[in-house]
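Q: Build me a model:
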Amino acid sequence: MIRPLARSLPMLALGGSIGTPPEGIRAEVMVVSTFDELSERADEARGRIVLFDAPFTNYGRTVQYRMQGAIAAARAGAVASIIRSVTPYSQQTPHTGTMAYADDVRRIPHAAITVEDAEFIHRAIDRGERVELHLRMEAKTLPDTWSRNVVAELVGSEFPNEIVVLGGHIDSWDVGQGAMDDAGGVVVAWEAVRLMKELGLRPRRTVRVVGWTNEENGLRGGNGYRDQHMDEVDDHVLAMESDGGVFKPAGFGFTGSDAARAMVEDIATLLDRIEAGAMGPGGGGADIGPIMQLGVPGMGLRVDGTRYFWYHHTASDTIDKLDPHEVALSVATMAVMAYVVADMPERLPR
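A: A predicted model of the protein is given here:
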């Protein structure tokens, strides 16, 4: 910040953004709270840095300013755009994440600042003060290179070609450790299958655990899994994913036929004793989305999400945020569901 006072602002470039020129961009800030407000005041945006100060309502709605903000700001003539981080609670932590450009609009740098600083800037401008920032980013997108899914399986005793697949994604953003997003999801899925092996439990169907790569900025792991197993899609009985943190589990969300739902709801009663037996609508996840689109029933682990977006995509996503007992409960929830579905005499109906 240059005006109204000199201070450094914590900032993270958003995934896919271009960088600034080496000398950076110095410009006055225009603040808006919605896309509609920007449209109404578009003539004020030319030559400015547009700040989207959109308070968090829910992730799906608020993340649109991260995804589409650079497009809207550039269309109005801005030289750069910044967003209030997508979080309901902040400790001066900026949150990164992917963003988008449009082919018919000039590309401008796009970054996230903290909730505290976005509110400070907004208040200053509301008081009639001129706010000026100097933004410098070295962000760039390098050419694609190879990455790989990590796969292991416990081969079924009776129907080895029928698959129950579960996992999470093994990539994370370049800050923090990705402990919640999504190393924890990989760990609970892997541990669920390891426990089956250790206990000598070999279900009728194969249980396959996958650490999918590249979910955060491209989904090539999920798409690659679909493409590699295209001739086995009909043999996938169920796909399960953990991608909401591994806090205290509440159950699952499920997407599939009514007949399949009745069966998994019955199985879920086994988890009532640890308060993880709920079966809600809309199950799935980004990694298993590509095979779900081809008809595979999908299930997503649901946990207490109170604190997830406090740490999501920040330097604070570290292992100390996870409670070992809650992680163990998440393992139990995934293990019971995966094992019983894999061991039933009949498969889940589509």
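Q: So what's the residue count around the nearest residue to T34 once chain neighbours are set aside?
A: Excluding the flanking residues, the one nearest T34 by CB to CB, 6 or more residues apart in numbering is A54, at 6.7 Å. From N, CA and C alone the C-beta is placed, and that goes for glycine too. Residues near A54, counting by other CB atoms under 10 Å, number 22.
Q: Identify each buried residue in stretch 166-184, please.
A: 166-173, 175-176, 178-184 (16 or more other CB atoms under 10 Å).
Q: for the record, mean pLDDT for that stretch?
A: Mean per-residue pLDDT for stretch 166-184: 94.
Q: what's the helix or strand for M299?
A: Per DSSP states H and E: M299 is located in strand 298-303.
Q: Sorry, slip of the keys, the one I care about is L38.
A: helix 35-40.
Q: re earlier: just checking, which of the buried residues of stretch 166-184 belong to helices?
A: G184 (DSSP state H).
Q: taking the buried residues of stretch 166-184 one by one, which sit in strands?
A: Under the assignment DSSP state E, the buried residues of stretch 166-184 contribute L166, G167, G168, H169 to strands.
Q: where in the stretch 251-350 of the chain is pLDDT low?
A: Scanning the stretch 251-350 of the chain for pLDDT under 70 picks out no residues.
Q: is A278 in a bridge, and if so with what?
A: With DSSP bridges as the criterion, A278 is bridged to G251.
Q: what residues are up against it?
A: Contacts for A278 (CB atoms under 8 Å, 6 or more residues apart in numbering) come out as A250, G251, F252, A268, R302.
Q: That one and V105, how far apart?
A: Using CB to CB, to the nearest Å, A278 is found at 43 Å from V105.
Q: swap in G128?
A: With distances taken as CB to CB, G128 is found 31 Å from V105.
Q: Could you check which of the two has the larger neighbour count?
A: Using other CB under 10 Å, the more surrounded residue of G128 and V105 is V105, with 14 against 6.
Q: rewinding a little: which of the contacts of A278 sits closest to G218?
A: Using CB to CB, R302 comes nearest to G218 of these, at 25.4 Å.
Q: residues in contact with the closest residue in space to the closest one that isn't next to it in sequence?
A: Nearest non-adjacent residue to R302, counting by CB to CB, 6+ apart: A250, 4.9 Å away. When contacts are counted by CB under 8 Å, 6+ apart, A250 touches E275, A276, A278, R302, V303, D304.
Q: Buried by neighbour count, from those residues: which ones?
A: Here, 16+ other CB under 10 Å leaves A276, R302, V303 buried among the contacts of A250.
Q: is it true that the last one touches F252?
A: The reference is to V303. No - with contacts counted by CB atoms under 8 Å, V303 stays clear of F252, the gap being 10.2 Å.
Q: Surely L294 is in contact with V233?
A: Yes - L294 sits in contact with V233 when judged by CB under 8 Å, with a separation of 4.9 Å.
Q: Find the residues that touch each one of the two.
A: Taking CB under 8 Å, 6+ apart as the criterion, L294 and V233 both touch R226.
Q: Between those two, which is the more surrounded one?
A: The neighbour comparison of L294 against V233 (other CB under 10 Å) goes to V233, with 15 against 12.
Q: could you list every residue that touches that one?
A: By CB under 8 Å, 6+ apart, the residues touching V233 are R226, I291, L294, G295, V296.
Q: residue contacts, the first one?
A: Spelled out, that is R226. Listed by CB under 8 Å, 6+ apart, the contact set of R226 reads V233, P290, I291, L294.
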